[in-house]
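1. need coordinates for the below:
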Amino acid sequence: MNPALSIALLLTGLQVAGGQKVTSLTACLEDQSLRLDCRHENTTTVPMQFEFSLTRDAKKHVLFGTIPEHTYRSRTNLTNRSTLKVLYLSGFTSRDEGLYTCELYLPGQPPTFSNRNVSVLRDKLVKCRGVGLLAQDASWLLLLLLSLPLLQAMDFVSL
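-> Predicted structure coming up:
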């Protein structure tokens, strides 16, 4: 095999393995819906696939992914951003308690997987806060905080 081709394949493999990693999975209650926020890295252009699942009584139930279970299709809604997948499960009850998983995978030989789990109990869930939506892209907040000294120096803002 050509050494240049071997290096290119190795670098592609390293990019795939390092570019799609789940960094956090959190759960909260929004009205009567469970909201799962799956944050991940996205440093590659290789298309990724993902799956949300629930493990209850030692059985895995696919909520959203390539082949979701029929019983959950009508209850799920997904918001898909470059580094955030948000799944809403409407009509959340104690029957939906269990271990939730967000899994990213890249097809290939061998396939690359990254996942995170969160245990969800209805009476232990916190209510979702509006601040969480702002924190998804908080660059504007950082810019504001960094510009405050400049605005004070120019007498636009007094604290």
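
2. can we go C-alpha only for contacts and neighbour counts from here?
-> Noted.

3. quick one: Thr112 and Phe50 touch, right?
-> No. Using C-alpha atoms under 8 Å, Thr112 is not in contact with Phe50; the gap is 11.4 Å.

4. and for the two, which residues touch both?
-> Residues touching both Thr112 and Phe50 (C-alpha atoms under 8 Å, 6 or more residues apart in numbering) are Tyr105.

5. so the most centrally placed residue in the chain bridges to which residues?
-> Central residue check for the chain by C-alpha atoms, centre = their mean: the C-alpha nearest the mean position is that of Cys38, 1.8 Å away. Note on Cys38: beta-bridge partners Leu25, Lys85, judged by DSSP bridges.

6. and what of Lys127?
-> Under the criterion used here (DSSP bridges), Lys127 is bridged to Leu29.

7. tell me, how many residues neighbour it?
-> Residues lying near Lys127 (other C-alpha atoms under 10 Å) number 13.

8. tell me the spacing between it and His40.
-> Separation of Lys127 from His40 (C-alpha to C-alpha, to the nearest Å): 22 Å.

9. assumed Lys60 was part of a strand.
-> Yes. Assessed by DSSP: H, G, I helix; E, B strand; the rest coil, Lys60 belongs to a strand.

10. where's it relative to Thr44, distance?
-> From Lys60 to Thr44 the distance is 29 Å (C-alpha to C-alpha).

11. buried stuff in the helix or strand encompassing Asn117?
-> Using DSSP states H and E, Asn117 maps to strand 112-120. Residues 112-118, 120 are the ones in strand 112-120 that count as buried (16 or more other C-alpha atoms under 10 Å).

12. cool, and stretch 65-80?
-> 68, 76-77.

13. chain center to it, what's the gap?
-> In terms of C-alpha atoms, centre = their mean, to the nearest Å, the centre of stretch 65-80 is set 15 Å apart from its chain centre.
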